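**Q** Build the 3D model from these lines:
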Amino acid sequence: MQLFEGLVNPKMVLPPEEWPLIMGNSSDICDMRTIVCLSTLVHSRAKDCATDDNISDSLATTKAAYDATKQSLVELRHLVEAADPDVTRVSPTSRLSSFLPNTGHAFHQRNLGIALFMLIVQNCVLQKYEEDIDDLQQEAYELSREVIIIAKKAQRYRPLGASYALLCLMAAYIGMTEVAARTEIMSLYMDYRRDFPGEKSMFEDEREMWKIYNLLRFGLVDETLLTTSSCSSVWDSNGS
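**A** This next block holds a predicted model:
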């Protein structure tokens, strides 16, 4: 949750050396650079890409990371399916043997969910910098649909084993352009939020989601553009 808020909250624009505080003890330098580049793009203007080397380099890095993560989805999906106790039909003979398959499935499902989260956020940001966004919009729709499926299947591991679903559902809401699906995503999100009643978040309702949609796709932070009526009209104009 802090990761997503760090990307989109203008009060949390951090220099590269401070990102490890949010990311944790990650030793993957490539992933860290991807996050820093993504943050740069979120808070930059598309028209500055041609004159600012930092923005253009960040855009190239984000595109490469987006393509690489899409390629990794095949294996991630395979790992989830291979560990799914409903698919493998494991016949446990003890409490331990029944616990281990579910632990593996939850782990791989989480990895897939986080990959989908990153892809959707990268996709939405890239839409701000690309002229032809039809393919990106279709991919965002498909990725968001997959998040819905994962969030439903992750119910068995609630609360802690499915806590990542909140992050994924926030991204899915932003990536989805179909009204009925967005309603379903918001319903799932609010249901999962009940698992952590004392946890404070900047994403408490649909209006907050709309703010993030505007920021990621257009760089808009003007409060006058974030009314419920404008939310509905722009959603409808985007292919719902």
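**Q** all contacts plus neighbour counts: C-alpha atoms, from now on.
**A** OK.
**Q** Show me where this protein has its helices.
**A** Shown for the chain, the helices assigned by DSSP state H span residues 2-8, 19-23, 29-42, 53-83, 85-88, 95-129, 134-153, 164-175, 179-193, 206-218, 228-237.
**Q** Against Glu146, how distant is Cys124?
**A** Taking CA to CA, to the nearest Å as the criterion, Cys124 is separated from Glu146 by 16 Å.
**Q** More neighbours: the two, which one.
**A** Set side by side, Cys124 and Glu146 show more neighbours around Cys124, with 24 against 16, by other CA atoms under 10 Å.
**Q** Assess the claim that that one and Phe218 are in contact.
**A** No: with contact defined as CA atoms under 8 Å, Cys124 does not reach Phe218; the gap is 9.1 Å.
**Q** hey, which helix or strand in this structure has the poorest pLDDT?
**A** Sorted by mean pLDDT, DSSP states H and E, the helices and strands of the chain end with helix 228-237, the least confident at a mean of 38.
**Q** Burial check on Lys169, number of neighbours?
**A** In this structure residue 169 is Leu, not Lys. 28.
**Q** Which residues are in contact with it?
**A** Contact partners of Leu169, counting by CA atoms under 8 Å, 6 or more residues apart in numbering, are Ser144, Val147, Ile148, Ala151, Ile185, Met186, Leu188, Tyr189.
**Q** which sections of the chain are below the confidence cut-off?
**A** Confidence mapping of the chain against pLDDT under 70 gives the ranges 1-32, 87-101, 199-205, 219-240.
**Q** try 50
**A** Under the criterion pLDDT under 50, the flagged ranges of the chain are 24-30, 88, 90-100, 222-240.
**Q** one step back: quick one: which of the contacts of Leu169 is nearest Cys168?
**A** Of all the contacts of Leu169, Cys168 sits closest to Val147, with 6.4 Å by CA to CA.
**Q** And the closest one, how far from Pro197?
**A** Going from Val147 to Pro197 by CA to CA gives 23 Å.
**Q** what do you get for Ala64?
**A** Taking CA to CA as the measure, Ala64 and Pro197 are separated by 38 Å.
**Q** and if you look at Lys128?
**A** From Lys128 across to Pro197, the span is 35 Å (CA to CA).
**Q** okay, the two: which has more neighbours?
**A** In this comparison of Lys128 against Pro197, neighbours counted by other CA under 10 Å, the higher total goes to Lys128 at 20 against 8.
**Q** hang on, the earlier thing: just say which of the helices of the chain is most tucked in.
**A** Mean neighbour count, computed with mean count of other CA atoms under 10 Å, is highest for helix 164-175 among the helices of the chain, reaching a mean of 26.
**Q** between it and helix 95-129, what angle do the directions make?
**A** Here helix 164-175 points in a direction 20 degrees away from that of helix 95-129 (axes from the mean of the first three to the mean of the last three CA atoms, to 10 degrees).
**Q** export helix 164-175 as PDB, just CAs?
**A** What follows is the C-alpha trace of helix 164-175 in PDB, where atoms were taken according to Å, rounded to 0.1, in the frame of the first residue of the first chain:
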ATOM      1  CA  TYR A 164      -1.900  -7.800  -1.500                       C
ATOM      2  CA  ALA A 165      -5.300  -8.000  -3.200                       C
ATOM      3  CA  LEU A 166      -6.000  -4.400  -2.000                       C
ATOM      4  CA  LEU A 167      -3.000  -3.100  -4.000                       C
ATOM      5  CA  CYS A 168      -4.000  -5.100  -7.100                       C
ATOM      6  CA  LEU A 169      -7.700  -4.000  -6.900                       C
ATOM      7  CA  MET A 170      -6.700  -0.300  -6.700                       C
ATOM      8  CA  ALA A 171      -4.600  -0.700  -9.900                       C
ATOM      9  CA  ALA A 172      -7.400  -2.700 -11.600                       C
ATOM     10  CA  TYR A 173      -9.900   0.000 -10.900                       C
ATOM     11  CA  ILE A 174      -7.700   2.500 -12.600                       C
ATOM     12  CA  GLY A 175      -7.000   0.200 -15.600                       C
END
